[in-house]
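Trainee: Here is a sequence together with a model predicted from it:
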Amino acid sequence: MADKQYAKPGEYSVVDMLAVAAAREVKDEEVVFAGTGLPMLAIMLAQQLGAPNCKLIYEAGTIDSKGDSLPSSVGDPRCVTKASVASGLFDVFNQLQRGKIDLAYLGGAEIDKYGNVNTTVVGDYLAPVMRFPGSGGNPDINSLARRTVFIMVQEKRRFKENVDYITSPGWMVKKWPEGTLVHRREAYGKKFLGGPSAVITNMAVFRFNEETGVMYVDTLHPGITREQLQENTGFELDFSHCKGETEPPTYEELRILHDVVDPEGIFLP
Amino acid sequence: MADKQYAKPGEYSVVDMLAVAAAREVKDEEVVFAGTGLPMLAIMLAQQLGAPNCKLIYEAGTIDSKGDSLPSSVGDPRCVTKASVASGLFDVFNQLQRGKIDLAYLGGAEIDKYGNVNTTVVGDYLAPVMRFPGSGGNPDINSLARRTVFIMVQEKRRFKENVDYITSPGWMVKKWPEGTLVHRREAYGKKFLGGPSAVITNMAVFRFNEETGVMYVDTLHPGITREQLQENTGFELDFSHCKGETEPPTYEELRILHDVVDPEGIFLP
Amino acid sequence: MVDKRCSLQEAVQMIQDNDMITFSGFVIWRRPMAAIYEMLRQEKKGLHLVEVNSGTHAELLVGAGAVSVWESCWIGHELYGKVPYCLDRKMRERSVIIEDYSHQQMLYRMTAGAMGIPYLPTWASRGTDILNPEYDMLEKAGLRNGANEKIPAKKFDFVQDPFYNEGELIHVPAVRPRVCIVHAQQVGEEGTIRIAGQTYSDEQAIKASDLVIVLAEEIVPESYLREEPERNLIPGYLVDAIVELPWSAHPTGAYGFYDVDGPFIREFAAASRTDERFVAWVDEWVYGVKDHEEYLNKLGVSRLEKLRANSYRKYSTKVKRGSR
Amino acid sequence: MVDKRCSLQEAVQMIQDNDMITFSGFVIWRRPMAAIYEMLRQEKKGLHLVEVNSGTHAELLVGAGAVSVWESCWIGHELYGKVPYCLDRKMRERSVIIEDYSHQQMLYRMTAGAMGIPYLPTWASRGTDILNPEYDMLEKAGLRNGANEKIPAKKFDFVQDPFYNEGELIHVPAVRPRVCIVHAQQVGEEGTIRIAGQTYSDEQAIKASDLVIVLAEEIVPESYLREEPERNLIPGYLVDAIVELPWSAHPTGAYGFYDVDGPFIREFAAASRTDERFVAWVDEWVYGVKDHEEYLNKLGVSRLEKLRANSYRKYSTKVKRGSR
C-alpha cells in the first residue's frame, strides 16, 4: 500500500471518486448484488483490484459473470459472458432471501438520515407531484442483503429529514398497520440480516450508527468542506465520527476504471 | 373400427388386457402424467394408436418425450429422449397444481369403494404391520389432475371396504381436523378439478358414480364372471351399470405393445 | 396437431379490451414490441397490466391511453430515459390506477400464479410504504369487491410464521393474467420455446397466464429443439399462437440477435415528455406504418445491421454505446 | 481462490452425527452412493434424513442403523424391489421415526428452504391421512419442542385463502438440511455444477442446505462450463467440497454416464429382507472394501462397461433390462 500513487484534485472527476470509494467497500470472496450504472463500475473495478474473487450477481438472472464488455443494464447479454450460471429472477431473488448476498450496491432519488430511500414519487403518494421509476428490486435487496451501499448524488432536495415515501428500508422503518417508525432490528426480528452500511456521494462517505440508526459523516472527499456538505444536505449532519478525507483514487484505479472497465465511456463520459 | 381383429382369450395375457384397456382412456391432445411400469406401457401404446398427440409428463421432470427405448423408471435417461422440456420436479408439479394435467395413470396397493388408495402401511398407522413404499406423487397427482385412472391387481385383500390409511384421495375423503368422510367436491371447494375416473384391473374396468362417489363395474374382461370378480373383491360390487365385456385387445394392439413399446420385455415378460 | 402459426394481426386480435395482460422480458430487453405497436393500431383499451417489471413497451401503451391499471415495481428506459413521463402524466390525470409492489413481490405474485396457488409468502421489503395499508389503490378505486375475479380481495396479508417462529411474513396474492405476450429467440412448430441468455421472469409469466402468444425471431424444427430438451423453457401445449417475426423486439434487445436501439428509445423517451410530442411520435412510428415490415424498412438496413449481434459474443460489437 | 477439492474420506468427515441431511437424485438415479458407503465406514449415527424422495441409498443408511428420523414420501428400489425392508424393520422396532408427507409437499418443503421462507402453501394431497393430526410422529416423539432449531413446531398448518376465497390450503414447513450430498456429472474447479438430463429436485436440495458436498464424475475447467452458463445449475460459492470420483453413483444411474445396475440393486434388495443377510451384504460390499477404488475393482471392468452410456443416447445400449 505504501507505493500507492494518489491522483490529485483536478486529475479525476467526482464520478471517478464515487466509483473508487464504492469499489473499496467490497471484500474478496463476497457475493455482491449490483444494479445498472455506477454499481457495475464499482464492482468491476473491485474485481480488478482487491477483490478478484468476489462474485457478482445481476438482478435479471446472472451469477458471477466475467465479461470484457461493460453491460449497459442488468438485462444486457454482456452480463451473461462467462457467467457461472445464467438463469432468471427466481434464482437470484431466492438466493437473496436465503441470506446468500453479502453486499449490494443500490441507488436512490431521495434519502433520509436513517437511510430510508424514496424512488417512487415526489409529494403525497395519494396526490403525487411527480412519478419516479419505482422501487425495482431496491427494497428487496436492501431488506435482505447483509450490507448495502447506496451511491447517490449529494443535493439538499435529495438528502431530506424525511422522505415522502419509504421505497427502500433504512435503519428506522415503518411498522404496519400503525406506520410507526421502529428500529429495523425490531421490525425484522429473527429475519434481520443487516442493513445499509454506507452512503457514497459525490461529496462524502456516510456510515450509520447501527444502534440509533442515524447516518454520520465518515469521510469527506478531497477538497470538500464540512460547510459545503452541510449546505447540500437537508438535515443536520453528524460529524462527530468524521475520520477526515476520503482516500483519493490512485492512478492505477483511474487507469483501470477508464481503460479496462468502461473504455467505451458508457457511464464515465 | 369394423375391420378390428380382436385377439381371442388365450392369445393375450392379463397384463396385455390391462395395458390395452388403460390405453383407451386417453384422448388425443391430452396432457398425461404417467408413473413407472404399466402406466408407461398404456400411454406409449395410446400414442401409437388413437392419441398420437397426447403429451406425456414424467414426475421426475420431463415433458412430452418421444424416445424409442422404454424407460424402466421415470428418472431414467430414456425419459429425456426427444422431449420438449427436460427440467425437474418443480416444473411438473407446479403445472399439475395449475390445472394443466388432463389425465394421470396411477397404481396402488389397496383401494376402497370410494377410490381411496393406500400405499403407505398395512394395519394401524401407529402400530403398523408392514411398510409399503409410501405415497410418492400419487396423492398429489390424484388430487390435482382432472381425471385419474388406477391400474391395480384384483385381489380381495386389495379391494377393501375401508383402506387402513388414505394415502391418495378418492371421491369420499377425510376432512381435517375431525377426519369425517366428506365428498371430494365439498372438501376441495373451488379447487376441485376432478377425480378418479376409472380403476382397471386384471379382471375388470370400474368407474365411479360421481354423486355418491361409489365405484361400479363398467365392464368385465373376457372370460371373467361376476361371481369371480365379487370373490376377488372385499366389498359388495355394484353391477347395475355393467355394460358387459371389456373390448379385448386387437392383434394390432398386441403387436405394438410387444414389438414396439416393450420389445425388451421389461414390463411384459 | 393444431397449427398455432398465425399473423401478428390475428394474434393481437386474441387480446380483448379490459384484459389482464403481461409480457416477457426485462425493462428494455426482449419485449414483444411489434405486438405493442399492433395493439395500438387495433386500439385496445382498458388493459390491466401486471408486470414483474415494466419498461418502454408499457410507456407506449400507457401514453396511448390503452391502460387502466398498472401493477408493477419499476418503469422507465434504463440508461435511455429515467422518467416514465407517460405514466407520470396519466397518474396526475388520474386516468391510470397505479398499484406499487416491490420487484421480488411482483415476481412472487407471478410465481404463485404459475404454481396454481393463490399467494406466496415473502420477507422482502418489510418496513416500507409499499405495505402502507392506505396505499391500496385498487381498494380505493372499489375494484377489490370480487366483481372482477382476476383482482384479489386484498393487496397484502401479514401472517406470523407458526413453524420456526421467525416473525411476520408478507403474503402477496397471485397474478393470473388472461394473456401473456412473449418475445422468444426460437420456437418450434409445435410451440416449444427456447430462450437464450437470461430468462428473466418469462417462465413464471407464461405459466401464470391463460393465453400465450409468442413472437419469435425464428420458427425452428421441433426435432432440433428436442435434441437438447434441457435448454428449452416451455412445452408447446402451453402456447396458443406463434408468430414468426424477426426484429419483433426492436427497439428492445434480444440476446444473440440484436442489441437495444438506445438512440431510438432515447428519442421516444424524449418525445414522451408531452402528450403532443408523444402523439407525433406514434403517428410517425406506429400509425404511420402499416405493419412490422414497413416499420423495419423505415428503420433501414444500416440501422438494423449495426444492432445485429455477433454470433459468438451474443451482442453487437458494432453499436456505439458510450461517449468514446 | 479457496481450493474445495478433497478426498471422499475428508468430505464425509464434514458430516456430523445427528445431522439433518439430504441428497441429490431421484429414487435410483444420481444418488451419491460412494459417500453413503463411506458414511457407513465412518459409522455416522443419528442422522435425520429429509428427502424429496428416497431410495436404495436410504435403505442402506437405515439398515445400518445410521438413521434416527426419516421424513419423505417414498422409499424403495423401483423395478428392483418394491418393499423397503430396512425401513419396515426399523419401523417395527421403533428405532426410526417416520414422518410421511406427499411428494409435492416434500418438494415444496425443500423449495421453501431454498427460498429462505419458513413455509409454502399447496393444494396437494388434501383429504388424505397424510394430514391426519394424530399422525404427527415428531410431535409424538416430543421433538417439536424447539430444542432442535431444524425441526419446525408443527407438521402442517391449514390456512384459508383470503385473496381469491378459494378455500383451505395446506402450509408445509421449510426443510433446512445442514448437509446436502450431491452426485453431479460435471463440476468446475470453482464449484459450478452442471447437471445433464433431468435435474429432479437437486436445485432445491442444494439451495436449502447449509453445507454442500459434490461427488462429480469429472472435474472440468470452469472456462468450459462458463461458455454456456444457461446450462449450469449452481454457482460455485454454494459448494463447499468437491470430490472427483467416477462411478460414484453406482449402483444408481447417471444420465450420460451409466445406467442403473439393476441386478446389483435387486441383490441388495433381496439381502435387505433380514438383518443377517443385510449385515452379510454390507460386510462384503461396504466394510469389505477399503475405498471406492477397491469397490470398483471388485465390480470389475465387464460389469461397468455394460452399464456405460452411449454418448449420443445418454443411456446404455448394452445392458440387458428385460426378459427378452
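Mentor: Received, thanks. None of the values given here were measured: they were computed from a predicted structure.
Trainee: got the contact list for residue 226?
Mentor: Just so you know, I chose chain A. Residues in contact with residue A:226 (CB atoms under 8 Å, 6 or more residues apart in numbering or on different chains) are A:217, A:220, A:237, A:239, A:242. All C-beta spots, glycine's among them, are computed from the backbone N, C-alpha and C.
Trainee: To clarify, I was referring to chain C.
Mentor: B:66, B:82, B:83, B:84, C:188, C:192, C:232.
Trainee: can you do 10 Å?
Mentor: Neighbouring residues of residue C:226 by CB atoms under 10 Å, 6 or more residues apart in numbering or on different chains: B:64-66, B:80-86, C:188, C:190, C:192, C:232.
Trainee: which two from the residues you listed end up farthest apart in space?
Mentor: B:80 and C:190 (17.3 Å; CB to CB).
Trainee: mind checking which helix or strand residue C:22 is in?
Mentor: Per DSSP states H and E: residue C:22 is located in strand C:20-23.
Trainee: After that strand, which helix or strand is next?
Mentor: Counting by DSSP H and E, what follows strand C:20-23 is helix C:33-41.
Trainee: quick one: average pLDDT of whatever helix or strand comes next after that next one?
Mentor: Later in the chain than helix C:33-41, the nearest helix or strand by DSSP H and E is strand C:47-50. For strand C:47-50, mean pLDDT is 98.
Trainee: and if you look at stretch C:159-171?
Mentor: 97.
Trainee: hmm, it touching chain B?
Mentor: No: Stretch C:159-171 is not in contact with chain B by CB under 10 Å from any CB of the partner chain; minimum separation 15.0 Å.
Trainee: So if I had to pick from residue B:80 and residue C:190, which one is more boxed in?
Mentor: Neighbour tally, residue B:80 and residue C:190, criterion other CB atoms under 10 Å in any protein chain shown: the higher count belongs to residue B:80, 29 against 22.
Trainee: Relative to chain B, how far out is residue A:114?
Mentor: Going from residue A:114 to chain B by CB to the nearest CB, to the nearest Å gives 39 Å.
Trainee: looking at it, that residue is touching residue A:187, isn't it?
Mentor: No: checked against CB atoms under 10 Å, the pair residue A:114 and residue A:187 is beyond contact range at 11.9 Å.
Trainee: could you measure the residue of the stretch 101-250 of chain A found nearest chain D against residue C:122, distance?
Mentor: When distances are taken as CB to the nearest CB, the stretch 101-250 of chain A reaches nearest to chain D at residue A:144, 7.9 Å away. Applying CB to CB, to the nearest Å, the value for residue A:144 to residue C:122 is 10 Å.
Trainee: circling back: need the contacts of residue A:226 in a markdown table (columns: distance to residue A:36, secondary structure and neighbour count).
Mentor: What follows is the contacts of residue A:226, written out as a markdown table (distance: CB to CB, whole Å; DSSP: H, G, I helix; E, B strand; the rest coil; neighbours: other CB atoms under 10 Å in any protein chain shown):
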| residue | distance to residue A:36 | secondary structure | neighbour count |
| --- | --- | --- | --- |
| A:217 | 27 | strand | 22 |
| A:220 | 27 | strand | 20 |
| A:237 | 29 | coil | 18 |
| A:239 | 32 | coil | 13 |
| A:242 | 31 | coil | 18 |
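Trainee: follow-up on the earlier one: contacting chain D as well, which ones from the contacts of residue C:226?
Mentor: Filtering the contacts of residue C:226 for proximity to chain D by CB under 10 Å from any CB leaves B:80, B:81, B:83, B:86.
Trainee: check whether stretch C:28-48 contacts chain A.
Mentor: Yes: Stretch C:28-48 reaches chain A (CB under 10 Å from any CB) through C:28, C:29, C:30.
Trainee: Does that stretch reach chain D?
Mentor: No: residues of stretch C:28-48 contacting chain D under CB under 10 Å from any CB: none, with a closest distance of 14.2 Å.
Trainee: What's the end-to-end length of that stretch?
Mentor: 20 Å (CA to CA, to the nearest Å).
Trainee: Same check on stretch A:206-225?
Mentor: The straight-line separation of the ends of stretch A:206-225 (CA to CA) is 14 Å.
Trainee: I'd like the mean pLDDT over it, please.
Mentor: Stretch A:206-225 shows a mean pLDDT of 97 in the predicted model.
Trainee: What are the buried residues along it?
Mentor: Judged by neighbour count using 16 or more other CB atoms under 10 Å in any protein chain shown, the buried positions of stretch A:206-225 are A:206-208, A:213-222, A:224.
Trainee: Max pairwise distance over those: which two?
Mentor: Among the buried residues of stretch A:206-225, the pair separated by the greatest distance (CB to CB) is A:213 and A:222, at 28.8 Å.
Trainee: Looks like residue C:296 contacts residue C:304 (just checking).
Mentor: Yes: judged on CB under 10 Å, residue C:296 makes contact with residue C:304 at a distance of 6.9 Å.
Trainee: of these two, who's got more company?
Mentor: Higher neighbour count among residue C:296 and residue C:304: residue C:296, with 19 against 16, using other CB under 10 Å.
Trainee: Setting aside sequence neighbours, what's the nearest residue to that one?
Mentor: residue C:247 (5.7 Å; CB to CB, 6 or more residues apart in numbering or on different chains).
Trainee: Isn't the one you found up against residue C:32?
Mentor: No: if you go by CB under 10 Å, residue C:247 and residue C:32 don't touch, sitting 11.7 Å apart.
Trainee: who has more neighbours, these two?
Mentor: Taking other CB under 10 Å, residue C:247 and residue C:32 do not tie; residue C:32 has more neighbours (30 against 21).
Trainee: ok now do that one, which residues does it touch?
Mentor: Going by CB under 10 Å, 6+ apart, residue C:32 touches C:8, C:11-12, C:23-25, C:38-39, C:57, C:180-184, C:213-216, C:243, C:245, C:248-249, C:252.
Trainee: Got the phi and psi for it?
Mentor: phi -80, psi 70 (degrees, to the nearest 10).
Trainee: cool, and the one 10 residues further on?
Mentor: Per-residue torsions, residue C:42: phi -80, psi 0 (degrees, to the nearest 10).
Trainee: So it versus chain A, what's the distance?
Mentor: From residue C:42 to chain A the distance is 27 Å (CB to the nearest CB).
Trainee: Residue 72: how many residues sit nearby?
Mentor: As the question left the chain open, I've gone with chain A. Neighbours around residue A:72, by other CB under 10 Å: 27.
Trainee: Sorry, I should have been clearer: chain C.
Mentor: Using other CB under 10 Å: residue C:72 sits among 24 other residues.
Trainee: again, but for residue C:147
Mentor: 8.
Trainee: contacting residues around the one residue in chain A that gets nearest to chain B?
Mentor: Proximity of chain A to chain B (CB to the nearest CB) peaks at residue A:90, 9.7 Å away. Counting by CB under 10 Å, 6+ apart, residue A:90 makes contact with A:61, B:90, C:52, C:104, C:107-108, C:110-111, C:114, C:199-201, C:203-204, D:115.
Trainee: With residue A:167 instead?
Mentor: So residue A:167 contacts A:108-110, A:116-121, A:132, A:134-136, A:138-139, A:142, C:73, C:100, C:102, C:125, C:128-130 (CB under 10 Å, 6+ apart).
Trainee: Inside strands: which ones of these?
Mentor: Per DSSP state E, strands hold the following members of those: A:110, A:117, A:118, A:121, C:100.
Trainee: Most neighbours among the residues you listed, which one is it?
Mentor: Highest neighbour count within the ones in strands among the contacts of residue A:167: residue A:117, with 31 neighbours (other CB under 10 Å).
Trainee: What distance do you get for that residue to residue A:135?
Mentor: 9 Å.
Trainee: Need the residues touching each of those two.
Mentor: Common neighbours of residue A:117 and residue A:135 (CB under 10 Å, 6+ apart) are A:142, A:165, A:167, A:168, C:128.
Trainee: what residues are up against the last one?
Mentor: If I follow you right, that is residue C:128. By CB under 10 Å, 6+ apart, residue C:128 lies in contact with A:116-118, A:120, A:135, A:138-140, A:142-143, A:165-170, A:173-174, A:176, C:100, C:102.
Trainee: at 6 Å what do you get?
Mentor: Contacts were defined as CB atoms under 6 Å, 6 or more residues apart in numbering or on different chains; by that measure residue C:128 touches A:139, A:166, A:169.
Trainee: No further questions, thank you.
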